[in-house]
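Enquirer: sequence below, structure please.
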Amino acid sequence: MFAIQTENLTKKFGNLTAVDALTLSVAEGELFGLVGSDGAGKTTTMRMLTAVMEPSSGDARVMGRHTVRDAEAVKGEIGYMSQRFGLYPDLTVQENIHFYGDIFGLPRRGRGEKIDELLSFSNLLPFRKRKAGNLSGGMKQKLGLACALVHTPRVLFLDEPTNGVDPVSRRDFWRILYRLLKERVTIFVSTAYLDEADRCNRVGLIHRGKLLACDTPAGLKGVMRGTILEVRATEPRRAARLLRERMPDASVGLFGDKVHVVTGDPDGTARLIAAACSGAGFARLGVRTVEPSLEDVFVSVLSGSSPGSP
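Expert: Residues are numbered from 1 along each chain as shown. Sure thing, here's the model as predicted:
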């Protein structure tokens, strides 16, 4: 059985199409990542799947329930952690979880054991009496996750849960998600971090409301045409601009302090890169072939140099 199914799911705001005929399926117990830049349609998709927003057309089902006709039933099956999850800063960690237990109608009997389990699960047990407003960003995200899990949902929706969180807290958060997968919770997460997408079972790349590609991380990397040349130079931003000017038909992207160039002729392109950078006075130039990352794939799909069909 599929935990999530959409067919031509579309949302329009006036003349703007935020989500455009989205069709996808997510299996029970799967960790699915929806990846795209700001404004790509990730949050709008999430709101339609969680029965918060009605689509303009198309259909969506969660655990077999229609998100419009069975909206209340859907909400009972899911946990939803939005970008601005509603924690109450003047309440303690424990009181926040109790509050969400009340919202979801969780019986008082046995609730204490459930809350202790969630606090232990999220490594918040030592902070149960600390006010939420005094928590770090990473701890607030873990508390938000604990609140979303208080009623034991079968499907968990997380909208950019680690946005703005430090790397250590991001790592800890993903460790918690992997533990949830062992309990057969289906997780649908949106993110702008391509390294996080690599942790998912499958990934959907969305841009301007359209699903451009959908596969396993390895599968997405496999559809990419051409070879990736990694260019190391003293001024990577300037090097990227130069290579775009000298090779207008190539896909050139800046990746941290390195430049990636997609090419069908690695030897010839390497010579062109060396000549261009040498002529521009770059020192310590290095060019090597590397395996594509999901970020390479995303840039390639957007530039039209990969098949990219879901």
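Enquirer: list the buried residues of the helix or strand Leu9 falls within.
Expert: Using DSSP states H and E, Leu9 maps to strand 2-13. Across strand 2-13, burial judged by 16 or more other C-beta atoms under 10 Å covers 2-6, 9-11. For the C-beta atoms, the positions are set from N, CA and C on the backbone; glycine is no exception.
Enquirer: same thing with stretch 286-306?
Expert: Going by 16+ other C-beta under 10 Å, stretch 286-306 has these buried residues: 287, 292-302, 305-306.
Enquirer: so which of those sit within strands?
Expert: Per DSSP state E, strands hold the following members of those: Val287.
Enquirer: least confident of the buried residues of stretch 286-306?
Expert: Ranked by pLDDT, the buried residues of stretch 286-306 bottom out at Ser305, which has 41.
Enquirer: re earlier: who does the strand holding Leu9 touch, helix- and strand-wise?
Expert: strand 16-27, helix 42-49, strand 57-62, strand 186-191 (3 or more C-beta pairs under 8 Å, 6 or more residues apart in numbering; DSSP states H and E).
Enquirer: and the very next helix or strand once past the last one, which residues are buried?
Expert: Next helix or strand after strand 186-191 toward the C-terminus (DSSP H and E): helix 194-197. Of all the residues in helix 194-197, those buried under the rule 16+ other C-beta under 10 Å are 194, 196-197.
Enquirer: run the chain-centre distance for helix 194-197.
Expert: Relative to its parent chain, helix 194-197 has a centroid offset of 7 Å by C-alpha atoms, centre = their mean, to the nearest Å.
Enquirer: check which element follows that helix along the chain.
Expert: For helix 194-197, the following helix or strand on the C-terminal side (DSSP H and E) is strand 202-207.
Enquirer: which parts of that following strand are buried?
Expert: Those buried within strand 202-207 under the rule 16+ other C-beta under 10 Å are 202-207.
Enquirer: what's the pLDDT at the closest residue to Val62 other than its chain neighbours?
Expert: Distances taken as C-beta to C-beta, 6 or more residues apart in numbering put Val74 closest to Val62, at 5.0 Å, once the chain neighbours are dropped. At Val74, the model reports a pLDDT of 95.
Enquirer: how is this structure carved up into domains?
Expert: When the chain is parsed with automatic domain parsing, its domains come out as 2-214, 225-291.
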